[in-house]
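1. curious how this folds, go ahead:
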Amino acid sequence: MNDDLTAPIEAWAGELLSKLAAPNRRALLLKIARELRKRQSARIAAQKNPDGSAYDPRKRKRGRRKAGARASVGRIKRQAMFAKLRTAKWLKVEVTDGGLAVGFEGRVAQIAAVHQEGQRAPVDPHGPTYRYPRRVLLGFTDADHSFIRDMLVEHINS
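-> Residues are numbered from 1 along each chain as shown. Modelled structure (predicted):
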């Protein structure tokens with residue numbers, strides 16, 4: 001699977017998009033970007049990589065507990081990861097006359113990049129570092145490629 005959309009789609013649709021008037025092109029790109037954000041968010045919620053494989057689960061926390069401590073103290077929540085990152089507040093859409101982008105900004109982008117690329121990062125500020133498993137948050141599936149192609153054809157035919 002090729003995550004770079006510029007080669008396959010731009011070669012085919014670049015000329016068609018360039019013939020559209022700027023407001024029309026921008027409206028189409030905004031529609032595509034919003035739908036891509038929705039698809040990325042749903043895939044992140046399903047805890048799936050773009051290739052369909054499941055995310056690596058969180059590492060179990062090992063450590064000592066104080067005598068008499070409850071079992072719930074110091075445990076890792078077993079909820080879906082990235083619950084807040086996949087919201088529209090953090091997963092941003094940017095559309096220009098030249099193209100579109102779906103991604104993260106600022107500190108959230110740094111956190112996402114650590115997981116996207118499987119980098120080493122501190123667990124806590126001034127704490128130990130850990131190499132996070134690669135969990136691809138943003139990427140294109142074959143269905144996304146087909147969706148973009150279908151949206152372009154539908155817009156041109158209408």
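2. just the pLDDT at the residue positioned nearest the centre of the chain, thanks.
-> Most central in the chain under C-alpha atoms, centre = their mean is residue 138, positioned 2.8 Å from the mean C-alpha point. Confidence at residue 138, expressed as pLDDT, is 94.
3. also residue 4?
-> Confidence at residue 4, expressed as pLDDT, is 60.
4. same thing with residue 7?
-> pLDDT recorded at residue 7 is 66.
5. check residue 135 too.
-> For residue 135, the model assigns a pLDDT of 95.
6. tell me, how many residues neighbour it?
-> Around residue 135 sit 20 other residues, with neighbours defined as other C-beta atoms under 10 Å. Every C-beta, even on glycine, is put in place using the N, C-alpha and C of the backbone.
7. any idea which element it lies in?
-> Element membership of residue 135 [criterion: DSSP states H and E] is none; it lies in no helix or strand.
8. that one contacts residue 81, correct?
-> Yes - shown here, residue 135 and residue 81 form a contact pair, counting by C-beta atoms under 8 Å, at 7.3 Å.
9. overlap of the contact sets of the two?
-> Shared contacts of residue 135 and residue 81, defined by C-beta atoms under 8 Å, 6 or more residues apart in numbering, comprise residue 55.
10. quick one on the thing from earlier: how about the secondary structure of the residue nearest to the centre of the chain?
-> For residue 138, the secondary structure call by DSSP: H, G, I helix; E, B strand; the rest coil comes out as coil.
11. where along the chain do the strands fall?
-> If DSSP state E is used as the criterion, the strands of the chain fall at 92-95, 100-103, 120-122, 129-131.
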